[in-house]
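> Task: produce atomic coordinates for the following.
(2 chains)
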Amino acid sequence: MIKVERQKELLMREPRFDDINCSLLSIPKLPHAMIKDTRIAVALARKFNDEVVRPRALELDLKLMEDPDYLPSDLVEEANRWGFFTLWEPKLFGGKGLSIPSFSSFTEELASVCVGIANLVSVHYLGMATLISTWNMRLINKLLRETVKGEKTGIPCIISMGITEPNAGSDVLEVELLNKSNTAFRAEKVKGGYVLNGMKHFISNGHHSTWFAVFAYEELKRAGDTIVVLAVKKGTKGFSLGRMERKMGQKACAASELIFEDCFVADEYVCFSPEQAKKLKLPIQKSNQQLVETLGAASRPGVGSFGTGVARGAYEEALKFASETEISGKLLINHEWAQFMLGEMYKNVILARLAYVEGNYASGLYGTYKILQMKPIYYISKYTPQIFFDIFISPFLNFSIMTWLFRKINFDWWPENFKELTTGLSAVPKIACTDLGIKNCQLAMEMMGRAGLRHDARVEKHLRDSKLLQIYEGTNEMCRLNLFKALIARSVSGVSMFEE
Amino acid sequence: MGALISNELKILHEMASDFALQELAPKWEHNDEYPFKPLYTDVLKKAYETGFFAVMMPEEQGGFNKSIKALCIVLNDICRIDASLGGTIFTNALVQELMTNAGETDLLSSLVSKASSFEDILVAFPSFDNPEDIKIKARAKKGKDNKYVLNGSTDYIALGGIAKQILIPVVIDGQDEYSLFMVSTNQPGVQCSKPVVSIGLHACPAVDMSFRDTQAVLVGKEKDGKKYFDSAADRMSVASAAMAAGVVRGSFNVALDYSKQRTQGGREIRNWSVVRMMLSSMAVNLQCADLAISSASSMVDEQESGWQLASRAVDLFVTEMACDVTSVGIQVLGGNGYMHDYSQEKGFRDARQIQALMGMVPMRKLAYIKRIIE
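Modelled structure (predicted):
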């Protein structure tokens, strides 16, 4: 047998054993009740698809082609009634606390019918992830509890994330690039808060959201070193909504411009700032990089589940078509080449799902929601009455020591290799699932020929919708570079990046 | 398509390029909003007056004597800016090919010479089908007076709703093979759906049509529809490739321009080697496509040995490439490429639509290899 030390050494060789066995390492540690959570999430999504998404998706898409300024606010209200905006908010903050990986299964289901509506329903959690990436416990608690209140009152209170600008897109998620970028979104420190000036664009759900977690910069020439994240409420003086983008697909989910003109945001709504970052042991550039990487790591497997959903949707439409349509005198399903293509599509769906599931395992082991999946914490959270959190825990979250503690854990004490793994292994499903989503749409359209060109056949909409998945949350090209940086560069000497 | 252009066709190329820049470029975004906005009839009128709907006609009728090369030049130049008009020209040229193959040159000449508007000269046709592959739902019955009466329906007739005439595949009662029929749309019993919303070529409208006791004129001979279609598809395949290559050229031009203007991380994105690789991939594919089209269109016009397979292979190759490369064209622009403000997303959609011309891709691939194997 191999000695323990030698075995350790062998397993640390690339690819490292732990990197390629997230599911194996994760499963024994996971609470069994997560299965039930996932069953609930999938069943809810399927019911929502039957009652809301499938009957409305095509009609809404057409409506938005005709009138690009139309806002499907009723859909947001419907999702609010179904409780979707609090389902994955931790109970600590008043939400229902369903396990986070079940969110991916939920979004795969919705995306298999309409990615646009899937995004409209779920991008609120990108706002939540932004807040959580700052670990400002007081503001996380405040905003998420407002969402809970919005559910009770029937007036949706959802959160959008704002980072992309007209002249800064691919470079905003890399601090090194951010320092050289053309960002123009300035946060000027003034007495009692910040004054914001600039514009954000491509902000999903911007026209529906109540709160915006916005990235700004104290010094534009040193943007990467001076990140400020602020919570800005709709209606704040100096903050207005601009136009909605005319997108090729995902029309159901508005992509909005946010305009800030001398918009004052008080200190109490500053989620993260250079001043706060100075209290961490990490150098400021590292803590800022971790902030944006945590956000990317949390959101990218979700985009992977969208890609998986659309790959599945395209496959399902092709299967339906093949089962009903005669080509050259016999049902298409009985042509060998069609069976082959359907097999290929089915395989692609399975591969895509495995990729995002593995990404979620990695996040559960090494990422943001590791704590939530620890068995004692998971079960205490699950079976403790909500009122206990509301009355006895929630007030403590307002103490700055709580933010200090969570930041210590998640910034200063978080192992470097955990950051690399979550960044790298979240990029994989983002790239793989979204590429496979496009691939299946292409195969389905080729298989359906002229019939697939029609809007009423649904599959062309899948293709239009899916293309955006290769772009948002970091283009797949940037994701590949992120993956290289996180998981490949570490084992090769002499690597430099972004220096061409 | 530089290599394709010989001196005698240079004028045509300049004319098509100028037309695209002057008539299509200023309003491509608006024109693409059909059927939610009015159809660009002003452009169709000018295209008719310029002679783009008669390129395949004899010289005395303003055409280029059935030169597929001439058609390829026009389609390529037009599709760089807006492939919808390319779809219209293509469909009409396909009809002219079918009628010629059916020996109906007099009928065709009369149709072209008597035309006084684009509605007169255009003939609608289900140009996204190979009729052999699909289940034909239109049936004809021959009356005692040797006239034919149609019943049934035909899906997705390109230029339906605009053209005054349609050419459709129909099965005559008691027969298995299909025949081609010309139908005048302004007679009772012809019903036309709203324009079908499609992924691309928005301003090349398609409709579903139904027929009830509709008078129809046989084109060519009974049961010979397949023969006419296969011959037409042999010649027209390379024209479909020229359309796709035009779309790719447009996508590449926009991507290249954008890469010179856009800065990320302190560098023009054209100086990112990842972006250069993407642009290079687009340029290489485009160059190969142009050469393939040039060669194949010459083979078609010269009737060189193997021209049919060459034309079809180039079509399959270039249209598939266009679907992939226009996707890269979006990717170079990132989020902007996904928005209507740039033409990249339109190119992506149009390429997919063009790939479906004249039948399902897998069936076309099987038909291609069948000719080699058997």
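
> per-domain residue ranges of chain B.
Here the domain assignment for chain B is B:2-118, B:124-222, B:226-373, based on automatic domain parsing.

> measure the last one end to end?
Distance between the two ends of domain B:226-373: 20 Å, counting by CA to CA, to the nearest Å.

> Give the full set of residues in contact with residue 224.
You didn't pick a chain, so chain A it is. Counting by CB atoms under 8 Å, 6 or more residues apart in numbering or on different chains, A:G224 makes contact with A:V175, A:E176, A:L177, A:L178, A:N179, A:Q285, A:N288, A:Q289. In this view, the C-beta of every residue, glycine as well, is placed from N, C-alpha and C.

> wrong chain, I was asking about chain B
Here B:D224 is in contact with B:A102, B:E177, B:S179, B:L180 (CB under 8 Å, 6+ apart).

> Of those, just say which sits nearest to chain A.
B:E177 (12.1 Å; CB to the nearest CB).

> quick one: the closest one and B:G225 touch, right?
Yes - using CB atoms under 8 Å, B:E177 makes contact with B:G225 at a distance of 6.8 Å.

> Phi first, then psi, for B:E177.
phi -80, psi 150 (degrees, to the nearest 10).

> What residue, apart from its backbone neighbours, is nearest it spatially?
The shortest distance from B:E177 to any non-neighbouring residue, by CB to CB, 6 or more residues apart in numbering or on different chains, is to B:K223 (4.0 Å).

> how many neighbours does that neighbour have?
14 (other CB atoms under 10 Å in any protein chain shown).

> Can you tell me how far it is from A:T86?
B:K223 sits 66 Å away from A:T86, going by CB to CB, to the nearest Å.

> near chain B, which residues of the stretch 1-150 of chain A show up?
Within the stretch 1-150 of chain A, the residues that sit near chain B (CB under 8 Å from any CB of the partner chain) are A:L62, A:M65, A:E66.

> Whichever of the residues you listed end up buried, select them in ChimeraX.
In ChimeraX, this line selects whichever of the residues of the stretch 1-150 of chain A next to chain B come out buried by 16 or more other CB atoms under 10 Å in any protein chain shown:
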select /A:62,65
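
> Find the closest residue to chain B in the stretch 1-150 of chain A.
For the stretch 1-150 of chain A, CB to the nearest CB, closest residue to chain B: A:E66, 4.5 Å.

> who are the neighbours in contact with that residue?
Applying CB under 8 Å, 6+ apart to A:E66 gives the contacts B:F36.

> mind checking pLDDT for it?
With respect to pLDDT, A:E66 has a value of 97.

> Pull the contacting residues for A:A79.
Listed by CB under 8 Å, 6+ apart, the contact set of A:A79 reads A:F48, A:F85, A:L120, A:V121, A:P156.

> Average pLDDT for stretch A:479-499, rounded please.
pLDDT averaged over stretch A:479-499 gives 94.

> can you check stretch B:176-193 too?
96.

> from the middle of its chain, how far away would that stretch be?
Here the centre of stretch B:176-193 is set off from its chain's centre by 21 Å, with CA atoms, centre = their mean, to the nearest Å.

> So which bits of it are buried?
Across stretch B:176-193, burial judged by 16+ other CB under 10 Å covers B:E177, B:Y178, B:S179, B:L180, B:F181, B:M182, B:V183, B:T185, B:V190, B:S193.

> Please name the nearest non-neighbouring residue to the fifth one.
Setting aside the residues directly before and after it, B:F181 is nearest to B:A216 in space (CB to CB, 6+ apart), at 4.1 Å.

> circling back: dump the contacts of B:D224 into JSON lines; add secondary structure as well.
Output for the contacts of B:D224, formatted as JSON lines (DSSP: H, G, I helix; E, B strand; the rest coil):
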{"residue": "B:A102", "secondary structure": "coil"}
{"residue": "B:E177", "secondary structure": "coil"}
{"residue": "B:S179", "secondary structure": "strand"}
{"residue": "B:L180", "secondary structure": "strand"}
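
> Report the two of the residues you listed separated the most.
B:A102 and B:E177 (13.9 Å; CB to CB).

> how close does the residue of chain A most remote from its centre get to chain B?
In chain A, the residue that sits farthest from the middle, by CA atoms, centre = their mean, is A:G329; the gap is 46.2 Å. Distance of A:G329 to chain B, given as CB to the nearest CB, to the nearest Å: 8 Å.

> Phi and psi next, for that residue.
Dihedral pair for A:G329: phi 90, psi 0, per degrees, to the nearest 10.

> Next: B:F128.
phi -100, psi 10.

> Repeat that for the one 10 residues further on.
For B:A138, the backbone dihedrals are phi -90, psi 130 (criterion: degrees, to the nearest 10).

> helix or strand for the closest residue in space to it that isn't next to it in sequence, which one?
With CB to CB, 6+ apart as the criterion, B:A138 has its nearest non-adjacent residue at 4.0 Å, and that residue is B:G152. Using DSSP states H and E, B:G152 sits in strand B:148-158.

> Hmm, A:E109 is touching A:N49, no?
Yes - between A:E109 and A:N49 there is a contact at 6.3 Å, judged by CB under 8 Å.

> In terms of neighbours, single out the busier of those two.
Of the pair A:E109 and A:N49, A:E109 is the one with more neighbours under other CB under 10 Å, namely 25 against 19.
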